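Colleague: Next input, structure requested:
(chains A and B)
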Protein chains: 2
Amino acid sequence: MTLIVVKFGGTSMGSPERIRHAAEKVIALHKQGHQVAVVVSAISGETDRLVNLTKAMADDPDPREYAAAITTGEQISTALLAIYLISRGYQARSFNAAQIKILTDANYKSARIQHIETEALTNCFNEKIIPVIAGFQGIDPTGSITALGRGGSDTTAVAIAAALKADECQIFTDVDGVYTCDPRIVPEAKRLARITFDEMLELASLGAKVLQKRSVEFAGKYKVKLRVLSSFAEGNGTLITFEDSSMEQPLVSGIAFNRSEAKLSIRGVPDIPGIAAKIIGPISDAAIDIDMIIQNGSADGTTDLTFTVNREDYLRAFDIVEQIALELKAKEVRGDQKIAKISLVGVGMRSHAGIASKMFDILGKEGIHIQLISTSEIKISVVIDEKYLELAVRALHSGFNLESLETEEFDPIIIPNI
Amino acid sequence: MTLIVVKFGGTSMGSPERIRHAAEKVIALHKQGHQVAVVVSAISGETDRLVNLTKAMADDPDPREYAAAITTGEQISTALLAIYLISRGYQARSFNAAQIKILTDANYKSARIQHIETEALTNCFNEKIIPVIAGFQGIDPTGSITALGRGGSDTTAVAIAAALKADECQIFTDVDGVYTCDPRIVPEAKRLARITFDEMLELASLGAKVLQKRSVEFAGKYKVKLRVLSSFAEGNGTLITFEDSSMEQPLVSGIAFNRSEAKLSIRGVPDIPGIAAKIIGPISDAAIDIDMIIQNGSADGTTDLTFTVNREDYLRAFDIVEQIALELKAKEVRGDQKIAKISLVGVGMRSHAGIASKMFDILGKEGIHIQLISTSEIKISVVIDEKYLELAVRALHSGFNLESLETEEFDPIIIPNI
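Modeller: Numbering: from 1, shown residues only, chains lettered A, B, ... in the order given. Just a heads-up that it's a prediction; the model follows:
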């Protein structure tokens, strides 16, 4: 017998009709003879409403109480889905984190799952009851409610799948899989039948908002087979799989991009050991996340340092850097909010050094100036002027021939097409 | 040290401003040196919203899942109130029923409290933390969430007060106490400084919507001193107290009324033993609540039976009675939806038979025909034509001189006037 954990996100729970539709997918799997555990998010908009209620009470709500308030949306969703399943003649039962015992640390607003008791769930399976579990929430060792951070329901689903040793964890969302690129920019973008965890992790952290990054990490750590598929359309979605060395890997699996960053440069600072820490330290002290950091030494004993931050932190970061520049007697500080970051991702890159030069060549032929470059084992990122974003992405998609990527399906595929 | 349980209803939690105002009352009591436990309802309108969501999923939602959904509003309220208390520099902590362990039976939609663990609450008091407890909810022996029925937060407050052996349980609502009559009908109505439990119980069941009836029963059973007072106005409210035989009791403490009933009569049925059960049985089988039942025998060996039901059940009840009338070969069935019930309530009545005749006399002088009469130890109820309701109530209020009722205050009074 196959055990499948299915997870429905906020848009899949967006209205009574959609909840019914999600429930029908659960019923289809159940009727195929599978054991199904369901994890649900709050109805779309509900968590924002709850966050706003807490902010109306205090500018900086107490974390424990904030978590207690904002996790109620998932409890509503579990009950609504269970109500429909029961009305259709199936046995179902809602569970919140306390009822299952999803134990986390006490980091209330962004807790990490430490242990999940499986007894309540296996009892359900033995009695042919479909358990419907609240995502996004846990309890700390004292029984206080914790929240797993935005998008945390994906993590709940993966953790439940790991705890139950499920055969597959299916994440139903509003897209029908992971694409070679955002189809809104590149209409020829192709759905990938599979992608490796490392690739998915890079894509998730690069801003492809299909899965919460932590859930992918969790799936990788506990070897949970993940599949992303659409609540609204038929199809097999994308299976996120462990790398199979016997398979021919495509060199590049996808192109990710974002326009949410801004760039800051501090030029002409003395090129002495520890200078980078002097500049970056105060930024991270201010709780500003830094993405790329590039340092280039000059011949005159000074150095230039450039880094990128979220655009919403740009003004705060600029003020801090100007202060540092004064102290370090730097030549100048420059900033640019009109940038875009484009990344090629693919495990095949590891063994093919030619990918980077091909990428630069394609961009060069389009007359696009590359401002920053950063690489990892399975990724190359460049920062360019924001106005060239679409042009660059389309040129790369076509230059690497992604529209004709082979995307054969895995077998067996367990999909609740209804 | 005094221990006080305070409860805020839905209108007291109706907006961020109102929640802050409620919290300031808690702070005032806390600063006076009292130990305070707070019980809260859902924000007004929230429970209705949740009920509607469940009804959108199924006409008759599964009771366990219904309870899980509709009890989330109270959890939000506890967190919001705690957030504000903490932002004001006080220690506070929200609790749901599972965290306290408010144990109930498994009657999910209308559960009865069986036991409350006090450990979490006494720990709070020892650490000078103000506990904020979700009303209306409990958990059954298996850990499933239960709902106490509409108005159940009052019962939670009384049960918490009983478990903690609190000195007083203060119910903050949108009226500033219990009145001799509804001030919208009788402007001269007077707030009662105190009322006995028996009287309050009669008033609650007669439709004076100040307190949920079950909470009054609970308070009577466990000898909890209850006080009803306004969230929005200053004042000492009404203390609901145990009868003190040394006190002079007023003969009549208040006049209650309702227009929510309808009357059905079946005339000319054979006057044989068991006939009443034959008529009333099918009505209660249809889950229709019956209030008054009056039977009068006639000289010709037949009898007439009249009873009252909620107006919303009238049509259903009428159909059932017509069917019975056919079977029993009754002479006729009559119904009237335009009735009103008026009740005089007062423990002083027990020893004064003259109250009833005085009541009938007052009504007679106004030319008001009495259709039905029913009495209990501390209550006389009459049913009259609805159109005379205001006239009758005002005549009785003035005839029994209720506007000049002595309403001296109890000492000591612990009120968080802010």
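
Colleague: what about the helices in the stretch 251-400 of chain A?
Modeller: With helices called from DSSP state H, counting those that start in this stretch, the stretch 251-400 of chain A shows them at A:275-285, A:314-328, A:354-365, A:389-399.

Colleague: Could you tell me which residues of the stretch 51-200 of chain A lie near chain B?
Modeller: Contact residues (Cβ under 8 Å from any Cβ of the partner chain) of the stretch 51-200 of chain A with chain B: A:53-54, A:56-62, A:64-66, A:68-69, A:72, A:75-76, A:78-84, A:86-87, A:92-94, A:96, A:98-99, A:143-145. The way it works is simple: take the backbone N, C-alpha and C, and place the C-beta from them, glycine included.

Colleague: how about 7 Å then?
Modeller: A:53-54, A:56-58, A:61-62, A:65-66, A:68-69, A:72, A:75-76, A:78-80, A:82-84, A:86-87, A:94, A:98-99, A:143 (Cβ under 7 Å from any Cβ of the partner chain).

Colleague: and the nearest residue to A:D62 once chain neighbours are set aside, helix, strand or coil?
Modeller: Leaving aside its sequence neighbours, A:D62 sits nearest to B:I86 (Cβ to Cβ, 6 or more residues apart in numbering or on different chains; 4.3 Å). With DSSP: H, G, I helix; E, B strand; the rest coil as the basis, B:I86 sits in helix.

Colleague: Surely A:V309 and A:I288 touch.
Modeller: Yes - counting by Cβ atoms under 7 Å, A:I288 is a contact partner of A:V309 at 5.5 Å.

Colleague: Spit out the contact partners of the residue nearest to A:G151 when sequence neighbours are not counted.
Modeller: Closest residue to A:G151 apart from its sequence neighbours, by Cβ to Cβ, 6+ apart: A:Q212 at 3.3 Å. With contact set as Cβ atoms under 7 Å, 6 or more residues apart in numbering or on different chains, A:Q212 has these partners: A:G151, A:G152, A:D154, A:T155.

Colleague: just to revisit the earlier point, and chain B, which of the helices of the stretch 251-400 of chain A is closest to it?
Modeller: helix A:314-328 (24.0 Å; Cβ to the nearest Cβ).

Colleague: And for the one residue in the stretch 201-350 of chain A that gets nearest to chain B, nearest residue in space, chain neighbours not counted?
Modeller: Here the stretch 201-350 of chain A gets closest to chain B at one residue, A:S231, 16.6 Å apart by Cβ to the nearest Cβ. Leaving aside its sequence neighbours, A:S231 sits nearest to A:S12 (Cβ to Cβ, 6+ apart; 3.8 Å).

Colleague: same thing with A:A162?
Modeller: A:A162's closest residue in space is A:Y222 (Cβ to Cβ, 6+ apart), at 3.6 Å.

Colleague: doesn't A:I275 make contact with A:T302?
Modeller: No - counting by Cβ under 7 Å, A:T302 stays clear of A:I275, with 9.6 Å between them.

Colleague: Now do the shared contacts for these two.
Modeller: A:V269.

Colleague: buried residues in stretch A:362-378?
Modeller: By 16 or more other Cβ atoms under 10 Å in any protein chain shown, the buried positions in stretch A:362-378 come out as A:I362, A:L363, A:I368, A:Q371, A:L372, A:S374, A:I378.

Colleague: Same question for stretch A:308-325.
Modeller: For stretch A:308-325, a neighbour-count test (16+ other Cβ under 10 Å) marks A:T308, A:V309, A:R311, A:D313, A:Y314, A:A317, A:F318, A:I320, A:V321, A:I324, A:A325 as buried.

Colleague: Dump these to TSV, plus pLDDT.
Modeller: Compiled in TSV, these are given as follows (pLDDT from 0 to 100):
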residue	pLDDT
A:T308	93
A:V309	93
A:R311	92
A:D313	92
A:Y314	95
A:A317	94
A:F318	95
A:I320	94
A:V321	94
A:I324	92
A:A325	93
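
Colleague: overlap between the residues you listed and the residues near chain B?
Modeller: When contact is defined as Cβ under 7 Å from any Cβ, the buried residues of stretch A:308-325 do not meet chain B at all.

Colleague: residue farthest from the centroid of chain A?
Modeller: A:D300 (42.9 Å; Cα atoms, centre = their mean).

Colleague: how close does the closest residue to A:D60 other than its chain neighbours sit to B:A98?
Modeller: Among residues not flanking A:D60 along the chain, B:S87 sits closest, at 7.7 Å (Cβ to Cβ, 6+ apart). For B:S87, the distance to B:A98 (Cβ to Cβ, to the nearest Å) stands at 26 Å.

Colleague: give the contact list for A:L85.
Modeller: A:A23, A:V26, A:A92, A:I130.

Colleague: now with 10 Å?
Modeller: Counting by Cβ atoms under 10 Å, 6 or more residues apart in numbering or on different chains, A:L85 touches A:20, A:23-24, A:26-27, A:30, A:38, A:91-94, A:129-130, A:132, B:57-58, B:62, B:65.

Colleague: Need the pLDDT of it.
Modeller: What the model reports as pLDDT for A:L85 is 98.

Colleague: again, but for A:I102
Modeller: Listed pLDDT for A:I102 reads 98.

Colleague: measure it to A:S230 for me?
Modeller: Counting by Cβ to Cβ, the gap from A:I102 to A:S230 is 27 Å.

Colleague: more crowded one of the two?
Modeller: A:I102 (27 against 16; other Cβ atoms under 10 Å in any protein chain shown).

Colleague: Please list all residues in contact with the more buried one.
Modeller: Applying Cβ under 10 Å, 6+ apart to A:I102 gives the contacts A:95-96, A:111, A:113-117, A:133-135, A:137-139, A:146, A:148, A:156, A:159-160, A:163.

Colleague: Now the spatially most central residue of chain A. Its backbone dihedrals?
Modeller: Per Cα atoms, centre = their mean, the C-alpha nearest to the average position across chain A is that of A:Q212, at 2.8 Å. Main-chain dihedrals, A:Q212, degrees, to the nearest 10: phi -70, psi 130.

Colleague: Outside of stretch A:348-364 itself, list whatever touches it.
Modeller: A:196, A:198-199, A:248-253, A:255, A:342-344, A:346, A:368-370, A:373, A:375-382, A:384, A:388, A:391-392, A:395-400.

Colleague: can you tell me how far A:L405 sits from chain B?
Modeller: A:L405 sits 41 Å away from chain B, going by Cβ to the nearest Cβ, to the nearest Å.

Colleague: Just give the number of residues close to that residue.
Modeller: Using other Cβ under 10 Å, A:L405 is surrounded by 18 other residues.

Colleague: Then A:Y179?
Modeller: Residues near A:Y179, counting by other Cβ under 10 Å: 22.

Colleague: wait, doesn't it sit right on A:K190?
Modeller: Yes - between A:Y179 and A:K190 there is a contact under Cβ atoms under 10 Å: 6.6 Å.

Colleague: where do the contact lists of those two overlap?
Modeller: With Cβ under 10 Å, 6+ apart as the test, A:Y179 and A:K190 both reach A:G254, A:L402.

Colleague: For stretch A:291-302, give the mean pLDDT please.
Modeller: In the prediction, stretch A:291-302 has an average pLDDT of 81.
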